[in-house]
Structure formats: C-alpha cells, structure tokens
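Engineer: need a 3D model of the following:
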Amino acid sequence: MNATAPLEMMGTAPAFLSVVRASRLVAGTDATVLIQGETGVGKELLAQSIHEASRRAAGSFVPISCPALSETLAESELFGHAKGAFTGAIARQSGRIAAAHRGTLFLDEVGDMPLSIQPKMLRFLENGECQSLGQEHPQRVNVRVIAATNWDLSAMVAAGQFRRDLFHRLQVVPLVLPPLRERGHDVVLLANAFLTFFATRHAIAAPAFSRAALALLCQYAWPGNIRELRNLCERGAIFHAGQEIGTEFIQAQLSIPALSACPTGTAPTLSLPDNGLSLDLLERDLICAALDRTRSNRTHAAKLLGLSRDALLYRMKKHALR
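Structural biologist: As a prediction, this is how the structure comes out:
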C-alpha cells in the first residue's frame, strides 16, 4: 500500500489490487470493515495498513483474538470491570475496547466470538457505549472497528451460530482477500522478495530459486497461503544461503511427490486438482522445467519435451520466455 508496507502486501494480481484500492478508499473514513479470507492471506496486515493510512494512525491499533475469548471472561476482557464486580476482581480494569479509544479495534476471527457477548458488542457498535462489569453507567468511546474472519458468516447466521444483526453491523464495507493460489505470478514475486528479506535479516548470502522450483511453487495449492510461503522462504534462505534452491527442496518441504513416468499400457498417475488447472500455465511450467534441467540448452530441452527446436522456440515466444 505504501513504501513501508510489509512484503505480504505486495502483489500485481487484479483481484488483490482491487482489494488494496478499496482499502485505500475506506482508510480515509471511520466505516466499519469486515475482511474475509482464508487463514494466512494477510487479513491482520491489511487491517493494520488501513489503520496506518487513517486519521487514527496516531492512536492505538488493538488486536483481539476472538477464539481466545472464553465464555466466562470475554465481557471483562472486552469491556473491563469495576473492583469487586466478581470474585477475584481486586482492582478496576479497563477493557480492550477502551484501550482502543481514538484508535482502531481489530476483531480477529470474529466468527469465533462467543454468542453470549455478541449482544453487548452490537450495542457498542451501534452507539459507541462501553459499560464495564459492575459499572453503573456506560462510558462513550471513540473507536473504529475492523473485523476479520475465515468463516462464511452468512452461513453461520443461517445456522444460528452468529447474530444476524451483528453480522450486518460489521459488514458495512466487506473486503475479500483472495487466496495465494488464485494470484498467479504473485507467488514468484513474493517468493523472491522473501528470500532477499530473510537473507538480509539473517546476514547471509541470498539464495535464488531455480526456474523449475518457481514453477513448482506456482503449481502448489498453498493451503497456508502467504504465511506458509513466507516460512518456506525463510527455511530456504537459511539452509541454501548463496546457493540455488531446486525442486528437491520444494518437494521435501511441501510434501510434493516427484512425477513418475507412466509405464506402457497403464493409466497416468498424474491427477487433476479439484479446482482444475490452466493448460497454458502447465505448458509454461514444463518448458521452464526443461530449460532448467538442461541449463537453458534449447535443443536438449526440446528433446525432453518431445518437440522440435522450432516448436519450442514458438512456445517460448508465446509465453514470453527467453
């Protein structure tokens, strides 16, 4: 989003850039935002970016992990309590909401918020009132709320697992971060950036992914999304400092089996992924793998692919490969 934005906020995929543009627009307002996306796509980082680009940047960014809120202590954790409000309340304590006064409250994985606390959270969102346990009168707080979830909240509402009115109050501006597997070349962009970042952090020589390794990274489904890619790159930077990282490392780290040749007269062992694939991308990746295997010898690469040299050159031009 800006020069100081974290690496995870890099990308050129249209779906990702659309979310970034929308977040820039909403950052200048106090509208409540609901960020949706799978685990590891960078929901909290996007929320922080919105906060840092807002009028509230000088205030606190207070994250709350909703799955960590227990049924018994959730109200005290969020709204605070007065001295003697319950057994063990030996002193007055302000809640996390009050700590976000003039700043931003980030409700992480809001779908896991206990049902018992949701009515009071709805009231706070509607009128800005925060009433501590044991306190006679509520206090008004000036807080902007950003929530995030990897759940389908509309399905949870239909199942009676989340309040409908709270859902609609949170979803004033919905932003949906796409999973890494749908961001195409962003995988390569992020992987190379992470390698450089971790080499600098650990004061080691920067390694580089081979073309075949990058092709393999692009084929992987990334269930852990950017967080999983970041961790893999840190391991690669440490164990292959100053070297080339090949497919063997990727296969071992991501538990990807090597492709084996089909015995004559048997069915192929390669299976299609459930969400399908792009034949153009697969062709490009195979060409990259052949060029990597032959150290860019086009004649030998063409033989590996069962093509004439001219056919390979045509396909390389088609995919903008050198």
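
Engineer: show me the protein divided up by domain.
Structural biologist: In terms of domains, the chain is parsed into 7-178, 181-318 (source: automatic domain parsing).

Engineer: tell me the SS of the closest residue to Pro178 other than its chain neighbours?
Structural biologist: Closest residue to Pro178 apart from its sequence neighbours, by Cβ to Cβ, 6 or more residues apart in numbering: Ala15 at 4.3 Å. C-beta coordinates here come from the backbone N, C-alpha and C atoms, glycine included. At Ala15 the chain is in helix, as set by DSSP: H, G, I helix; E, B strand; the rest coil.

Engineer: start the count at 30 instead of 1 going forward.
Structural biologist: Shifting the count to begin at 30 puts that one at Ala44.

Engineer: any idea how far Leu258 is from Ala44?
Structural biologist: Between Ala44 and Leu258 the computed distance is 17 Å (Cβ to Cβ, to the nearest Å).

Engineer: these two: who's more crowded?
Structural biologist: Ranked by neighbour count (other Cβ atoms under 10 Å), Ala44 and Leu258 place Leu258 first, with 22 against 15.

Engineer: from Glu138, how far off is that one?
Structural biologist: From Leu258 to Glu138 the distance is 21 Å (Cβ to Cβ).

Engineer: what's the weakest-modelled helix or strand in the protein?
Structural biologist: Least confident helix or strand, the chain: strand 109-110 with a mean of 68, by mean pLDDT, DSSP states H and E.

Engineer: okay, helices next: where are they in this protein?
Structural biologist: Along the chain, the stretches classed as helices by DSSP state H are 43-56, 72-81, 103-108, 125-128, 147-156, 182-187, 193-199, 215-230, 240-248, 254-268, 276-283, 308-322, 327-334, 338-347.

Engineer: weakest of those helices in terms of mean pLDDT?
Structural biologist: Of all the helices of the chain, the minimum mean pLDDT falls on helix 338-347 (a mean of 77).

Engineer: could I get the buried residue list for that one?
Structural biologist: By 16 or more other Cβ atoms under 10 Å, the buried positions in helix 338-347 come out as Leu341, Arg344, Met345.

Engineer: what's around Ile274, how many residues?
Structural biologist: Ile274: 24 surrounding residues under other Cβ under 10 Å.

Engineer: in contact with it, which residues?
Structural biologist: Shown in contact with Ile274 (Cβ atoms under 8 Å, 6 or more residues apart in numbering): Leu224, Pro236, Ala237, Phe238, Ser239, Ala242, Gly265.

Engineer: mind redoing it with 7 Å?
Structural biologist: Ile274 is in contact with Pro236, Ala237, Phe238, Ser239, Ala242, Gly265, counting by Cβ atoms under 7 Å, 6 or more residues apart in numbering.

Engineer: for Arg327, same thing?
Structural biologist: Arg327 makes contact with Arg338, Leu341, Leu342, according to Cβ under 7 Å, 6+ apart.

Engineer: who touches the residue nearest to the second one when sequence neighbours are not counted in this structure?
Structural biologist: Right, Leu341. If you skip the residues right next to it in sequence, Leu341 has Ala331 as its closest partner in space, 4.0 Å away by Cβ to Cβ, 6+ apart. The contact partners of Ala331, by Cβ under 7 Å, 6+ apart, come to Ser337, Arg338, Ala340, Leu341.

Engineer: relative to Gly71, which of those is nearest.
Structural biologist: Taking Cβ to Cβ as the measure, Gly71 lies nearest Leu341 of the contacts of Ala331, at 38.1 Å.

Engineer: pretty sure the closest one sits against Thr328.
Structural biologist: No - with contact defined as Cβ atoms under 7 Å, Leu341 does not count as touching Thr328 (8.6 Å).

Engineer: dump the contacts of Arg327 into a markdown table; add distance to Arg322 as well.
Structural biologist: A markdown table is the format used below for those (distance: Cβ to Cβ, whole Å):
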| residue | distance to Arg322 |
| --- | --- |
| Arg338 | 16 |
| Leu341 | 13 |
| Leu342 | 17 |
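
Engineer: list just the nearest of these to Arg313.
Structural biologist: Of all the contacts of Arg327, Arg313 sits closest to Leu341, with 12.1 Å by Cβ to Cβ.

Engineer: and the gap between the closest one and Ser325?
Structural biologist: Going from Leu341 to Ser325 by Cβ to Cβ gives 12 Å.

Engineer: ok, the contacts of Ile274 vs Gln147, which is closest?
Structural biologist: Closest approach to Gln147 among the contacts of Ile274 (Cβ to Cβ): Gly265, at 43.1 Å.

Engineer: pull the contacting residues for that closest one.
Structural biologist: Residues counted as contacts of Gly265 (Cβ under 7 Å, 6+ apart) are Leu224, Pro236, Ile274, Phe278.
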